[in-house]
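Participant: I'd like to go over a predicted model; first the sequence, then the structure.
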Amino acid sequence: GAVVSQHPSRVICKSGTSVKIECRSLDFQATTMFWYRQFPKKSLMLMATSNEGSKATYEQGVEKDKFLINHASLTLSTLTVTSAHPEDSSFYICSARDLRDRHFGNGTRLTVT
Amino acid sequence: GENVEQHPSTLSVQEGDSAVIKCTYSDSASNYFPWYKQELGKGPQLIIDIRSNVGEKKDQRIAVTLNKTAKHFSLHITETQPEDSAVYFCAAIYNQGGKLIFGQGTELSVKP
């Protein structure tokens, strides 16, 4: 079946630094990828929709200058958390859509100290 | 706006019993309703889905029903096993090919 690979699975960074998270569709091309954020014991909240070759569409309340999304190819989207702060600590999950279904990565646990 | 309500938030059953999780959605144009299972520290895994042109779908111990008039859909797990313990999310597509909106999640615990 379709596989979405997300890397890294865990990252710890210091406050003020930037962190990049990669999302790859391994055996299919994804013109659209989605980025979600999940707090402990909470649901997935859509942050942005990433379209290959164009600017991402951000959900209301999500700072586009803080959460930079790049979807430069049909198999790769990246989320960069810029100038990270402790409140950015969370579980970030990407999803890629093939012709029929949406497939999720295994998430990235970001801890900002 | 888009909204998916899911109940209950926690559910504890004995092994072998059935479990039912219910969701309602707000956008009558929604046409795709997947269910995901999320284990600790992992991403959601699709377990079953239903599209608006059918009322019920079954896959072994898992079934989903859809009532478009009432904007309700439900997940039914029969003969539950301890390995069914996880958080389950329902979801609905908000608009054509658009955003997937998740319910709040149900933490299912199956006691041996």
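Facilitator: Received the coordinates, thanks.
Participant: ok and the residue in chain B nearest chain A?
Facilitator: Here chain B gets closest to chain A at one residue, B:Gly43, 3.9 Å apart by Cβ to the nearest Cβ. Every C-beta, even on glycine, is put in place using the N, C-alpha and C of the backbone.
Participant: list the contacts for the residue nearest to B:Ser109 when sequence neighbours are not counted?
Facilitator: The shortest distance from B:Ser109 to any non-neighbouring residue, by Cβ to Cβ, 6 or more residues apart in numbering or on different chains, is to B:Ser12 (4.5 Å). B:Ser12 sits next to B:Leu108, B:Ser109, B:Val110, B:Lys111 when contact means Cβ atoms under 8 Å, 6 or more residues apart in numbering or on different chains.
Participant: and the helix or strand harbouring B:Ser12, which residues are buried?
Facilitator: Assigned by DSSP states H and E, B:Ser12 belongs to strand B:10-14. Using 16 or more other Cβ atoms under 10 Å in any protein chain shown as the test for burial, strand B:10-14 gives B:Leu11, B:Val13.
Participant: bridged to A:Ser50, which residues?
Facilitator: A:Met33 (DSSP bridges).
Participant: test my guess that it contacts A:Ile69.
Facilitator: Yes - counting by Cβ atoms under 8 Å, A:Ser50 does reach A:Ile69; the two are 4.9 Å apart.
Participant: shared neighbours of these two, anything?
Facilitator: Shared contacts of A:Ser50 and A:Ile69, counting by Cβ under 8 Å, 6+ apart, come down to A:Trp35, A:Ala56, A:Ser77.
Participant: out of these, name the ones that lie in strands.
Facilitator: Judged by DSSP state E, strands contain the following of these: A:Trp35, A:Ser77.
Participant: quick one: residues contacting the closest residue to chain B within chain A.
Facilitator: Ranked by Cβ to the nearest Cβ, the top residue of chain A for proximity to chain B is A:Phe104, at 3.9 Å. Counting by Cβ under 8 Å, 6+ apart, A:Phe104 makes contact with A:Val4, A:Ile93, A:Cys94, A:Ser95, B:Tyr36, B:Gly43, B:Pro44, B:Gln45, B:Leu46.
Participant: enumerate the residues of chain B near chain A.
Facilitator: Residues of chain B that fall close to chain A, judged by Cβ under 8 Å from any Cβ of the partner chain: B:34, B:36, B:41-46, B:49, B:89, B:99-105, B:107.
Participant: and residue 35, what pLDDT?
Facilitator: Since no chain was named, I'll use chain A. Model confidence at A:Trp35, given as pLDDT, is 96.
Participant: looking at chain B here, not the other one
Facilitator: 97.
Participant: where in chain B is pLDDT low?
Facilitator: Residues of chain B that meet the criterion pLDDT under 70 lie in B:1, B:95-97.
Participant: and the strands in it?
Facilitator: Ranges of strands within chain B are B:4-7, B:10-14, B:19-25, B:32-38, B:45-51, B:56-59, B:62-67, B:72-77, B:86-93, B:100-102, B:106-111, based on DSSP E.
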